[in-house]
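Q: Next input, structure requested:
(one chain, ligands or ions: 2)
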Amino acid sequence: MSILLLVPPGWGGLWQSPLSVGGRKVYAHGVDPYDPAEIVYAVSFRPPPGLLKSLPNLKAVFSLGAGVDGFLLDPDFPKDKPLIRFVDETLSREMAQFAVLHVLMQHRTVAHFAAAQAESTWRQRMLPRPTEETRVGILGLGEIGTVCAERLRDMGFPVTGWSRTRKSVEGVKSYAGAGELDTFLAGCDFLVCVLPLTPDTRHILNTETFARLPKGAYVINIARGGHVNEPDLIAAIDYGHLSGATLDVFETEPLPETSPIWKHPKIIVTPHVAAITSPTAATRSILSGIATIERGEEPKNVVDMTRGY
Ligand code: NAP
Ligand code: GLV
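A: Ligands and ions are numbered 1, 2, ... in the order given. Predicted structure coming up:
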């Protein structure tokens, strides 16, 4: 019962020894020779298309990330095998930290004080808008979005969330379904996107949806680059409708050197680091999933192939 790691070159070492407890063989694809018939479990984030289909005795696939769009891009992904995504409080916590950090950087006008310090000037100012009047909307009120909502709520922001089905999160108003999207967007001074990338959510942030946001709204995308139409975002900022954006994820990663996003004065760029999967937490979760399957039980966090998340 061996495990195949499909990770970028050099990353196998992070996972090989923790996953090989009890003498289990763990092969790094592209590094270690292996017999495809020996592989029972595969672990990856973005597997090479067609490879998983070539493993005749595969029982399940584990994602190293919460998002599984990298698997579903593979037209030959074996959809009859469970795909188990990574859900863990450490990941949700880091994502919520990132959301809070970037809301607060704008809300507390960090750039203003940095500019004043650069000129050795004592430039006091009030908050541009009181906290209790600064509305934060979370697009995708799932595992991660809920923790983002709770942390921002606890800081005194009025928080709303949008999801496919209605949610009940204390102190957070829930909007559900396409029919309530416009009303939700109209109440977001900050919009934090934590949706999964599916055919339904691709380019959900575009000229039309930006226009539904109040003037001066700030967009934070920590989900997937495919959620944002990047030229539409730049136009909405340059036109003055949006005040700016923080982007952690991009249509093309790494963000090409030629992208105008790099040098845009109102966009903060981070290189897909809002939360990085902890090898300790992921190993714990994969080993527990394997033990569950080996007992003949249904593992947790199996992706619904019809929804795509
Ligand atoms: P999740 O638990 O599956 O939550 C997804 C949420 O989105 C759910 O509330 C779901 O609604 C909602 N949703 C999905 N499709 C929708 C649609 N068509 N209309 C309205 N709502 C929709 O996922 P998660 O664990 O929170 O992760 C979210 C995403 O974060 C991942 O897919 C990944 O792309 C991203 N991520 C990024 C990083 C990073 O470092 N940048 C790190 C981790 C995760 P229902 O609950 O009603 O179905
Ligand atoms: C990271 O992007 C993840 O999906 O966990």
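Q: Report the buried residues of the least confident helix or strand in the chain by mean pLDDT.
A: Sorting the helices and strands of the chain by mean pLDDT, DSSP states H and E puts helix 12-19 at the bottom, at a mean of 89. In terms of neighbour count (16 or more other CB atoms under 10 Å), helix 12-19 has its buried residues at 12, 14-16, 19. Placement of C-beta: from N, CA and C, glycine included.
Q: With stretch 159-168 instead?
A: Buried residues in stretch 159-168, counted by 16+ other CB under 10 Å: 159-164, 167.
Q: could you pick out which of the residues you listed are near ligand 1?
A: 163-164 (CB under 6 Å from any ligand atom).
Q: which two from the buried residues of stretch 159-168 end up farthest apart in space?
A: Greatest spacing in the buried residues of stretch 159-168, by CB to CB: Val159 and Arg164 (18.4 Å).
Q: Is the helix or strand that contains Ser285 in proximity to ligand 1?
A: Secondary structure from DSSP states H and E places Ser285 in helix 279-294. No - legend: contact between helix 279-294 and ligand 1 by CB under 6 Å from any ligand atom is lacking; minimum distance shown is 11.8 Å.
Q: from the middle of its chain, how far away would that helix be?
A: Per CA atoms, centre = their mean, to the nearest Å, the displacement of helix 279-294 from the mean C-alpha position of its chain is 21 Å.
Q: what's it packed up against?
A: Counting contacts by 3 or more CB pairs under 8 Å, 6 or more residues apart in numbering; DSSP states H and E, helix 279-294 is packed against helix 12-19, strand 39-44, strand 60-63.
Q: Mind doing that once more with 6 Å?
A: The contact analysis (3 or more CB pairs under 6 Å, 6 or more residues apart in numbering; DSSP states H and E) places helix 279-294 against helix 12-19.
Q: Tell me how many other residues surround the nearest residue to Glu294 once chain neighbours are set aside.
A: Nearest residue to Glu294 in three dimensions, chain neighbours excluded: Met1, at 7.9 Å (CB to CB, 6 or more residues apart in numbering). Number of residues near Met1 (other CB atoms under 10 Å) recorded here: 13.
Q: I'm done for today, thanks for sticking with me.
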